[in-house]
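Undergrad: return atomic coordinates for the entry below.
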Amino acid sequence: MRPKVIISVVLLLVIVGFALYFFGSEPIPEETAQDVSEKAVEAPHPSGPLQKVQEGDFSLEIASRQEGTLVLIERAVFAEPGFVVLRDELFGEPGVIVGMSGLLPAGETRGVVIESLRATPGESTFFATLYVDDGDGRFKQLEDSQLVDADENPITATFTMQNASGIQQDVSSQ
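TA: So this is what the prediction gives:
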């Protein structure tokens with residue numbers, strides 16, 4: 001009888017953990033065009049090779065190294081309106097959302113600045129992923145569609161972000 005109680009408690013903790021992970025975080029504030037243009041003035045100059053990912057009419061270009069808390073998306077191309085979403089790394093995979101663009105129009109957009117809501121204590125790996133809007137103009141993780149390639153892998157570029165005193169070590173593209 002005791003193993004059933006332990007299994008039930010573990011199962012309950014797992015369910016609560018998933019619920020907190022997906023629903024427990026505070027919503028990330030929306031950005032206006034004025035917010036984005038003001039951040040562009042403050043944005044650091046990214047460096048390193050350009051990470052490029054493309055699938056059909058969607059593509060993303062980002063420098064492999066970013067400094068500070070502002071991330072510069074060099075170029076984003078959408079066949080329909082969407083968002084660039086930043087995630088931190090969790091066990092080598094995209095983790096918690098730490099920032100997002102405002103709604104980007106269909107077509108090409110250059111120089112998108114996104115503020116990471118998480119400061120890095122040194123060097124950290126992050127992911128930039130493309131999502132298509134569901135038509136309401138607001139990012140909602142569970143309702144907007146994450147773009148995937150033909151093999152069902154998210155269209156994601158990996159980059160390193162560091163504070164001003166950090167040193168770049170490793171970057172790759174998924």
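
Undergrad: and the helices in the chain?
TA: 2-23, 33-42 (DSSP state H).

Undergrad: worst mean pLDDT among those helices?
TA: The weakest mean pLDDT among the helices of the chain belongs to helix 33-42, with a mean of 48.

Undergrad: quick one: the spatially most central residue of the chain from Tyr131, how far?
TA: Residue closest to the average C-alpha location in the chain (C-alpha atoms, centre = their mean): Leu86, at 1.6 Å. Note on Leu86: its distance to Tyr131, by C-beta to C-beta, to the nearest Å, is 11 Å. C-betas here are computed from N, CA, C, even on glycine.

Undergrad: that older thread, could you report the neighbour count for the closest residue to the residue nearest to the centre of the chain other than its chain neighbours?
TA: The shortest distance from Leu86 to any non-neighbouring residue, by C-beta to C-beta, 6 or more residues apart in numbering, is to Gly99 (4.0 Å). Gly99 has 22 neighbours, counted by other C-beta atoms under 10 Å.

Undergrad: can you list contacts of stretch 143-153?
TA: Identification of contacts with stretch 143-153 by C-beta atoms under 8 Å, 6 or more residues apart in numbering yields 55, 58, 82-83, 129-134, 136, 154-155, 174.

Undergrad: mind redoing it with 10 Å?
TA: Applying C-beta atoms under 10 Å, 6 or more residues apart in numbering, the external contacts of stretch 143-153 come out as 53-56, 58, 60, 78-80, 82-83, 85, 94, 100, 103, 129-136, 138, 154-156, 174.

Undergrad: show me the shaky parts of the chain.
TA: Filtered on pLDDT under 70, the chain yields the residue ranges 1, 5, 9-10, 12-14, 16-46, 120, 163-174.

Undergrad: Val112 bridge partners, please.
TA: Ile73 (DSSP bridges).

Undergrad: hang on, it packs against Ile73?
TA: Yes. Val112 lies in contact with Ile73 (C-beta atoms under 10 Å); the separation is 4.0 Å.

Undergrad: now for those two: what residues contact both?
TA: Counting by C-beta under 10 Å, 6+ apart, the residues touching both Val112 and Ile73 are Leu60, Ile62, Val84, Ser101, Leu104, Ala128.

Undergrad: what's the local residue count around Lys52?
TA: Lys52 has 13 neighbours, counted by other C-beta under 10 Å.
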